[in-house]
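Asker: Based on what follows, work out the 3D shape:
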Amino acid sequence: MRKLLVLVVAVSVALPAAPASATPPSPVIGTFAVVTATTTSTRTAGGNTFVTLTRTAVVSGTFTGTTTDEVLLVMHPNGTTSLRGEGTCVCTAEGRSGTFDYRFRGSGIFPTSGSGTYVVGHGTGGLAGLHAEGPFSGDFFVANLGGRYHFD
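Answerer: Residues are numbered from 1 along each chain as shown. Model (predicted):
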């Protein structure tokens, strides 16, 4: 009996712990509103104008907090604009506080309309394990957020 007990203890110590279960996906609902936008560079090439901006914004809804990001706008000769960027949010979600990084890309007619997608990852503090993705739409200064999020 003693050998059996030693064997059970040895096997249980050797097995890895079961991973924590992830939360189920939940909807993202909210807005992203630019507070400041500072042009850091502008250049023209091939009829396109390239503008890099550093922005601060307020996020409300599922995620609540402030963001800082860098955006590259490409204004094309046909009147359309494409954009991409990345930033960090000092935010709260589900009562958990921390930071998360996000990336986004989209297109539209600057500054009146735009849409695209975003991805959230690399959370810290209470937002460690946060993942989100979804669409955004609005103009280039206030966007509505959709999509889904979960915690690992």
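Asker: All the helices of this protein, residue numbers only.
Answerer: 2-14 (DSSP state H).
Asker: which intervals of it have sub-threshold pLDDT?
Answerer: Scanning the chain for pLDDT under 70 picks out the ranges 1-21.
Asker: any idea which strand is longest in it?
Answerer: What stands out as the longest strand in the chain, according to DSSP state E, is strand 30-45.
Asker: what packs against that one?
Answerer: For strand 30-45, the elements it packs on are strand 48-61, strand 64-75, strand 142-145, judged by 3 or more C-beta pairs under 8 Å, 6 or more residues apart in numbering; DSSP states H and E. No exception for glycine: its C-beta is placed from N, CA and C like everyone else's.
Asker: Any idea what Cys89 is bridged to?
Answerer: Thr67, Phe100 (DSSP bridges).
Asker: wait, Val119
Answerer: Arg103, Glu133.
Asker: Tell me how many other residues surround it.
Answerer: Residues near Val119, counting by other C-beta atoms under 10 Å, number 15.
Asker: That one and Glu94: what is the separation?
Answerer: As judged by C-beta to C-beta, to the nearest Å, Val119 and Glu94 stand 19 Å apart.
Asker: Over to Ser113?
Answerer: Ser113 is 31 Å from Glu94, by C-beta to C-beta.
Asker: Is Ile29 in contact with Gly61, as I believe?
Answerer: Yes: counting by C-beta atoms under 8 Å, Gly61 is a contact partner of Ile29 at 5.0 Å.
Asker: what do these two both touch?
Answerer: Leu145 (C-beta atoms under 8 Å, 6 or more residues apart in numbering).
Asker: what's the neighbour count on Gly138?
Answerer: Residues contacting Gly138 under the criterion other C-beta under 10 Å number 17.
Asker: If you could redo that for Gly129, that was the one I meant.
Answerer: By other C-beta under 10 Å, 17 other residues sit near Gly129.
Asker: now do Ala45
Answerer: For Ala45, the count of nearby residues is 8 (other C-beta under 10 Å).
Asker: Beta-bridge partners for it, please?
Answerer: Judged by DSSP bridges, the bridge partners of Ala45 are Asn48.
Asker: Relative to Met75, how far out is it?
Answerer: 12 Å.
Asker: again, but for Cys91
Answerer: Distance from Cys91 to Met75, by C-beta to C-beta: 30 Å.
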